[in-house]
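In: The amino acid sequence is not available; the structure is as follows:
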């Protein structure tokens, strides 16, 4: 088996060269280098690249917002704690020997064939997680089982699988473009209403930005992502929740209705119509007209443990400005 593995690594090095010192390139344009790494590991392990990309992106996202984890460096975003990498009972917590790491049941792996299993090497890191998934299988259902056994959190598994489906659908990693939630040509207005008091259903703060527009004005997806939630909420009325590839959950509420054939699990892209501006909510299903028509738009961030809302107003201003600039260029 080791002979076959190193032969596969040798072949991969031929077809995917140049993954050495790439920090400067990573900062300039990270996507080609990441894709090269994912494809290289896929060629050796047969774990589809989009699952590797999804796990890597999920880990990168939570490391960017968690204080207990080091910030990501290099290409790979996956982080292994030292005891997880070397093995819980390993007396050498910084062990890089593949033989002793394996003896102590650590996850560390020599992915590039240099005789060391190093957490500082992107190939070793991604290969280590790929080998873990490979122990369950390379099909969708077994990968889900492997992810659950690793993270022990249904939401995390759902987020990663959603990312994988989005990457697979578009066939690329650069999915950062955004759109403003309503057409720029529509008669709309908004201001920063983050944190304003709300009284219906109990005292609470306003976790979003209200965009006022005429009833039925199209509401559009603001990002690439997957629909996690669609239906009624007594506060938000007819609402839709979309998860993007950066662990952000985009919440669209008070809709007049949904776009035809829109369903949970559907993949969306910026500018795609998902519903219409309405005044639904503040009551049982079907309640409408208790306030002027508007879109409530909120964003929530997941950090691997919990999810919290943050002010979407600055991003809305940015996306509106970017879309106007793109429109001028056409």
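Out: Right, received. Where do you want to start? Note that this is a predicted model, so its numbers are computed, not measured.
In: alpha carbons only for contacts and neighbour counts from here, please
Out: Fine.
In: Domain-wise, how is this protein divided?
Out: Using automatic domain parsing, the domain parsing of the chain gives 2-170, 188-329.
In: so which of these comes closest to residue 179?
Out: With C-alpha to C-alpha as the measure, domain 188-329 is the member of these nearest residue 179 (4.6 Å).
In: Pull the number of nearby residues for residue 263.
Out: Residues lying near residue 263 (other C-alpha atoms under 10 Å) number 17.
In: thought it was touching residue 230?
Out: Yes: the criterion here is C-alpha atoms under 8 Å, and residue 263 meets it with residue 230 at 7.1 Å.
In: Show me where the protein has its helices.
Out: Assignment of helices within the chain using DSSP state H yields the ranges 2-15, 23-28, 30-45, 49-65, 82-86, 98-103, 122-134, 140-151, 154-170, 313-329.
In: can you list those helices in JSON lines and add mean neighbour count and mean pLDDT?
Out: Conversion of the helices of the chain to JSON lines gives the following (neighbours: other C-alpha atoms under 10 Å; pLDDT from 0 to 100):
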{"stretch": "helix 2-15", "mean neighbour count": "14", "mean pLDDT": "44"}
{"stretch": "helix 23-28", "mean neighbour count": "12", "mean pLDDT": "52"}
{"stretch": "helix 30-45", "mean neighbour count": "20", "mean pLDDT": "96"}
{"stretch": "helix 49-65", "mean neighbour count": "22", "mean pLDDT": "97"}
{"stretch": "helix 82-86", "mean neighbour count": "22", "mean pLDDT": "97"}
{"stretch": "helix 98-103", "mean neighbour count": "17", "mean pLDDT": "97"}
{"stretch": "helix 122-134", "mean neighbour count": "23", "mean pLDDT": "97"}
{"stretch": "helix 140-151", "mean neighbour count": "16", "mean pLDDT": "97"}
{"stretch": "helix 154-170", "mean neighbour count": "20", "mean pLDDT": "98"}
{"stretch": "helix 313-329", "mean neighbour count": "13", "mean pLDDT": "92"}
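In: Residue 167: what's its closest spatial neighbour, skipping adjacent residues?
Out: Nearest residue to residue 167, sequence neighbours excluded (C-alpha to C-alpha, 6 or more residues apart in numbering): residue 50, at 5.7 Å.
In: residues touching that neighbour, list them.
Out: 38, 164, 165, 167, 168 (C-alpha atoms under 8 Å, 6 or more residues apart in numbering).
In: And the furthest pair within the residues you listed?
Out: Using C-alpha to C-alpha, the two most remote members of these are 38 and 165, lying 15.3 Å apart.
In: neighbouring contacts of stretch 176-191?
Out: 209-214, 217-224, 270-271, 313, 316, 319-320, 323-324.
In: 7 Å - rerun?
Out: 210-213, 218-223, 270-271, 316, 319-320, 323 (C-alpha atoms under 7 Å, 6 or more residues apart in numbering).
In: now swap in stretch 147-155 and tell me
Out: Contacts of stretch 147-155 (C-alpha under 7 Å, 6+ apart): residue 157.
In: can you redo the domains of the chain as a markdown table with distance to residue 176?
Out: Output for the domains of the chain, formatted as a markdown table (distance: least, C-alpha to C-alpha, whole Å):
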| stretch | distance to residue 176 |
| --- | --- |
| domain 2-170 | 11 |
| domain 188-329 | 7 |
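In: Most neighbours among the contacts of stretch 176-191, which one?
Out: residue 221 (27 neighbours).
In: pretty sure that residue contacts residue 272?
Out: Yes: if you go by C-alpha atoms under 7 Å, residue 221 and residue 272 touch, sitting 5.4 Å apart.
In: ok so, going back, okay if I get the helices of the chain as CSV plus distance to residue 184?
Out: Shown next, in CSV, are those (distance: least, C-alpha to C-alpha, whole Å):
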stretch, distance to residue 184
helix 2-15, 46
helix 23-28, 31
helix 30-45, 30
helix 49-65, 30
helix 82-86, 50
helix 98-103, 57
helix 122-134, 42
helix 140-151, 40
helix 154-170, 26
helix 313-329, 8
